[in-house]
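Undergrad: what's the 3D shape of this:
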Amino acid sequence: MDYIKEKLVETFIKDNRYEYILEGLGNTMIMAISAIIIGLLLGIIISIVINYNKETKRLKILSSIFRLYVHIIRGTPSVLQLLIMYYIIFGSVDVNPVLIGVVAFGINSSAYVSEIIRGGIESVDYGQMEAGRSIGLTYFQTMKYIILPQGFRNSLPSLCNEFITLIKETSIAGYVGIIDLTKASDIISSRTYDYLFPLMSVAIIYLIITSLLSWGVKVIERRLDTNVKTK
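TA: Here you go, the predicted structure:
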């Protein structure tokens with residue numbers, strides 16, 4: 001016990017090293033939350049355009065561009081996208097690295113979110129689209145008031161899982177000097193010459209965050225199942 005106490009003090013208390021963990025946790029959550037918001041906004045737009053092209057054969061060029069965009073983003077490593085964003089796109093601009101992380105992870109997330117939302121939209125019975133159009137609603141009005149709310153509800157558990165995955169993916173942010181949780185443990189390890197306690201502590205923090213979110217996803221799924229059964 002004395003050994004563990006000594007190591008904990010050396011890892012976190014000495015020289016206020018716990019501040020690295022707090023900064024890393026803050027940056028991790030900022031990047032994850034901001035990225036999922038960007039991913040949702042872009043993902044919804046992409047999925048609607050692709051679905052609109054499928055239903056009406058319009059916006060073919062834009063739909064093809066979005067399909068290519070999704071294919072490229074999903075087909076390349078997120079760490080490569082982060083490095084391109086940092087060294088090439090923002091290479092000559094003085095920008096907070098955390099903001100670069102937000103943009104990179106947001107773009108990455110949008111490709112996956114768009115497929116999740118598109119699957120949710122296509123899970124809604126097509127007769128509801130026809131019913132909406134038959135009462136005089138436009139495609140976009142039918143999508144806004146009838147299809148999208150149901151599709152989003154069907155996609156909600158998968159979207160929550162995407163957020164959990166995104167939190168873990170931010171662990172690569174240290175490649176461009178962003179102090180996230182993983183980078184914080186690396187900094188502390190370089191000061192103490194001990195990797196066990198910093199890495200295990202960060203692993204526990206990730207596990208707590210993802211476990212709480214996983215529990216939240218299960219609660220949402222149970223409530224959605226209950227609502228469906230009572231209707």
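Undergrad: could you pull out the helices for this protein?
TA: Using DSSP state H, the helices of the chain run over 2-8, 18-56, 60-75, 78-84, 97-122, 126-134, 139-142, 148-169, 181-192, 196-230.
Undergrad: now, of the ones you listed, which is deepest in the fold?
TA: Each of the helices of the chain was scored by mean neighbour count; the highest is helix 97-122, a mean of 22, by mean count of other Cβ atoms under 10 Å. Yep, even glycine has a C-beta here, placed from its N, CA and C like the rest.
Undergrad: quick one: low-confidence parts of the protein?
TA: Counting by pLDDT under 70, the chain has low-confidence residues at 1, 225-231.
Undergrad: go again using 80 as the cut-off
TA: 1-5, 7-11, 220-231 (pLDDT under 80).
Undergrad: want to throw the helices of the chain into TSV with distance to residue 90?
TA: Output for the helices of the chain, formatted as TSV (distance: least, Cβ to Cβ, whole Å):
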stretch	distance to residue 90
helix 2-8	38
helix 18-56	15
helix 60-75	17
helix 78-84	10
helix 97-122	5
helix 126-134	41
helix 139-142	34
helix 148-169	19
helix 181-192	18
helix 196-230	27
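Undergrad: please name the nearest non-neighbouring residue to residue 198.
TA: residue 185 (3.8 Å; Cβ to Cβ, 6 or more residues apart in numbering).
Undergrad: so who does the one you found touch?
TA: 21, 24, 195, 198-199, 201-202 (Cβ atoms under 8 Å, 6 or more residues apart in numbering).
Undergrad: which two among those residues are spaced furthest apart?
TA: For the contacts of residue 185, the farthest-apart pair by Cβ to Cβ is 24 and 195; their separation is 15.6 Å.
Undergrad: quick one: which of the helices of the chain is nearest residue 175?
TA: The nearest among the helices of the chain, by Cβ to Cβ, is helix 78-84 at 6.0 Å.
Undergrad: name the residues that touch that closest one?
TA: 73, 100-101, 104-105, 107-108, 169, 172-173, 175-176.
Undergrad: can you do 6 Å?
TA: Contact with helix 78-84 is made by 104, 108, 169, 172, as judged by Cβ atoms under 6 Å, 6 or more residues apart in numbering.
Undergrad: distance check, the residue nearest to residue 143 when sequence neighbours are not counted against residue 56.
TA: Residue nearest to residue 143 in three dimensions, not counting chain neighbours: residue 48, with 6.2 Å by Cβ to Cβ, 6+ apart. As defined by Cβ to Cβ, to the nearest Å, residue 48 lies at a distance of 12 Å from residue 56.
Undergrad: over to residue 47?
TA: Taking Cβ to Cβ, one finds residue 47 at 15 Å from residue 56.
Undergrad: and what of residue 99?
TA: For residue 99 relative to residue 56 (Cβ to Cβ), the value is 37 Å.
Undergrad: and if you look at residue 14?
TA: From residue 14 to residue 56 the distance is 65 Å (Cβ to Cβ).
Undergrad: swap in residue 41?
TA: 23 Å.
Undergrad: got it, and residue 19?
TA: Counting by Cβ to Cβ, the gap from residue 19 to residue 56 is 55 Å.
Undergrad: residue 72 too?
TA: Counting by Cβ to Cβ - residue 72 and residue 56 are separated by 25 Å.
Undergrad: same thing with residue 102?
TA: 34 Å.
Undergrad: equivalent analysis for residue 9, please.
TA: 66 Å.
Undergrad: swap in residue 44?
TA: 18 Å.
Undergrad: thank you kindly, that will do.
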